[in-house]
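> Need coordinates for the following:
(2 chains)
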Amino acid sequence: MEQPIPHHKYFDSQKEGEEVLLILRRHWVVYFPAFLMALIVLIICIVIYLNLDTIGVTSNSYFMSTLTKVGISIFFLFTVLFVYISWLVNYLNFHLVTDQHLVDIDQLMLFSRKISELTLEDIQDVSATQHGFFQSIFHYGDVVVQTAGEKPNFTLEKIGNPYEMSRQVMEIKDKYGEDTVRIVGNEEGNDKVAG
Amino acid sequence: MKIILIVYLALFVLWLLISIVAVYHNIEYYEPNSKMKYGLYGFVWASVVVISLSFLILYSIDWPHAINVSY
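As a prediction, this is how the structure comes out:
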């Protein structure tokens, strides 16, 4: 059962009372390459450490043996840190749909963050795509939000269950995006009410 | 040989500083009911294990011999 999204300020320009209705995160597959790479590195380090005699490092010089051991222990530390930062950066890279906006939060690096917003009224269409073997097997893909006018389209990359998510975004847009009654000018210069 | 120990300590301090910054970042953007706490716990426990392993490896080195040895 899905947990309700708690009240929390997710981005700086979030207005008072602006309710977050949907959070779109990247599929867990995106974490896999970093974990796999770290696992391989750790296994290689352990194998080297356990076979220092066989490789001939210990017998050649004590300096080389000490250097290898110290190097391996440092490598362990930085590998774990690399995995953690990689996970954190991917996890903080997400998208929100509130009752007023669609927000794209891009965590590019540990200290580099970009937040783009789009009002629900600016959403024209939402589509989902899955390309390739892995995306089809693991059910993830891109959700493309087409916008009105010259505003750039939003591409939400590697989202789990993209077809369902695009449907939900469209539902929210239909429910909340048309609620506001806009006053627009007609050709004669008079105001008219548009739904 | 002492240089290896100094380089190790310098790199360990660097690792510690980057770790503190990353954890601070995690706490700064912490979201309730999210998986962020699991990531944080995972990192802390993995760090404890890896630091223990690292110290075990260092402990296995015969430092008095290593420092006096000519290479």
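> quick one, strands of chain A?
Using DSSP state E, the strands found in chain A span residues A:20-25, A:94-98, A:101-109, A:112-119, A:123-129, A:140-147, A:154-160, A:182-185, A:191-194.
> for the fifth one, packing partners?
Okay, so that is strand A:123-129. Applying 3 or more CB pairs under 8 Å, 6 or more residues apart in numbering or on different chains; DSSP states H and E, one finds that strand A:123-129 contacts strand A:140-147, helix A:162-176. C-beta: built from backbone N, CA, C; applies to glycine.
> what about residue 64, neighbour count?
Unless you meant another one, I'm taking chain A. By the criterion of other CB atoms under 10 Å in any protein chain shown, A:Met64 has 16 neighbours.
> Correction: the question concerned chain B.
8.
> Which pLDDT value belongs to it?
B:Pro64 carries a pLDDT value of 75.
> One more: B:Gly42?
Reported pLDDT for B:Gly42: 91.
> same thing with A:Ile137?
On the pLDDT scale, A:Ile137 gets 92.
> for A:Phe35, same thing?
Confidence score, pLDDT, at A:Phe35: 92.
> how many neighbours does residue 11 have?
I'll assume chain A. 17.
> Not quite, go with chain B.
17.
> hmm, stretch A:9-26 touching chain B?
Yes - contact of stretch A:9-26 with chain B (CB under 8 Å from any CB of the partner chain) involves A:Tyr10.
> sorry, that was for stretch A:157-175
No - with CB under 8 Å from any CB as the criterion, chain B is not reached by stretch A:157-175; the gap is at least 13.2 Å.
> In chain B, where is pLDDT below threshold?
B:66-71 (pLDDT under 70).
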